[in-house]
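Student: could you work out the structure for the sequence below:
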Amino acid sequence: MDGCLATLFLLFLAVQFISQHPWETLVALALACVMIAYARQGRRAEQQARRRQQESRLRAIRVSNVDQMTGVQFEQYVRHLLTNQGFTVTMTPASSDYGADLIAKRPGTGSKSAVQVKRRKSKVPGTAVSEVVAAKAYYGCDSAMVVTNSYFTKAAVRLAQANACRLVDRGTLTQWIVSFSQGEETFELGAKERQGRPGGALADWVTRRRAERGQKLRAHERKRTIERELARLEADQQAERAAEIDEKGLG
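Tutor: The predicted structure is shown next:
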């Protein structure tokens, strides 16, 4: 009861103040609205800056960084890579995923792929293909895919060919990462955003020059990355051939 009386008394004082000082009240309300709008705009700007910072960090990742990720981190990163490839991607439950870590949909076509993600140091065996093919039926998908930072065994390749399962090995993953890293210039101001700003023509020229330099640097980095990956692949193949020769010699 005392609380209700206190509230009524405060309301009575507020009404009295507004009736006696209408202009001051309007000014105070206007200032409050401006401050609230400014605070909201600041929060939105901070959120956008954090999103851009996170996107920049993701785009800066190279294939060598992937090897240091945990399994969950690699799944989340592959989700970004698939999104960059034009898919709409959702993650399956962490437990009881029935053999698929991601579901990738191709907008406009209705096609849907069950995706299993494998971060490994050794080659991915055929069991990964069997699991994702089973998951394809469970999730009502029309295709299956296995993505890895490594390579696949011969048995996995044969099984994938028999079940129309797409295999994305380290070589293809490197191409995806390079394509994803090339999206950094999307944060540059667009032509419409630059219109009406002082020095618009100069700003356009500077932006173009920066984009050209960035493209050259990325092309050089891409070439070096591919050369390193090809050298590693050749070394792996040589080691595999040497192991086969040793096995035949022992036999």
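
Student: count of neighbours near V72?
Tutor: Counted by other CB atoms under 10 Å, the residues lying close to V72 total 13. Glycine gets a C-beta too; all of them are placed from N, C-alpha and C.

Student: ignore the last one, A32
Tutor: Counted with other CB under 10 Å, the burial measure for A32 works out to 10 neighbours.

Student: again, but for A94
Tutor: Neighbourhood size, A94 [other CB under 10 Å]: 9.

Student: do the same with P22
Tutor: Around P22 sit 10 other residues, with neighbours defined as other CB under 10 Å.

Student: how does this protein divide into domains?
Tutor: Dividing the chain into domains by automatic domain parsing, as the record does, gives the ranges 2-59, 63-179, 188-250.

Student: now the strands for the protein?
Tutor: For the chain, strands defined by DSSP state E occupy the ranges 88-91, 102-105, 112-118, 143-148, 165-168.

Student: what's near enough to touch the nearest residue to L102 once chain neighbours are set aside?
Tutor: For L102, the nearest residue in space outside its immediate sequence neighbours is V115; the separation is 4.1 Å by CB to CB, 6 or more residues apart in numbering. With contacts defined as CB atoms under 8 Å, 6 or more residues apart in numbering, the neighbours of V115 are 78, 82, 89, 100-104, 132, 144-147.

Student: of these, which is the nearest to W23?
Tutor: In terms of CB to CB, no member of the contacts of V115 lies closer to W23 than V89, at 56.0 Å.

Student: in terms of contact, does the closest one touch L82 like I think?
Tutor: Yes: under the criterion of CB atoms under 8 Å, V89 lies in contact with L82, with a separation of 4.9 Å.

Student: what about these two, which has more around it?
Tutor: The residue with the greater number of neighbours, taking V89 and L82 and applying other CB under 10 Å, is L82; the counts read 23 against 17.

Student: from memory that one sits against L102, does it?
Tutor: Yes: taking CB under 8 Å as the contact criterion, L82 and L102 are neighbours in contact, 6.9 Å apart.

Student: shared neighbours, those two?
Tutor: Applying CB under 8 Å, 6+ apart, one finds that L82 and L102 are jointly contacted by V89, V115.
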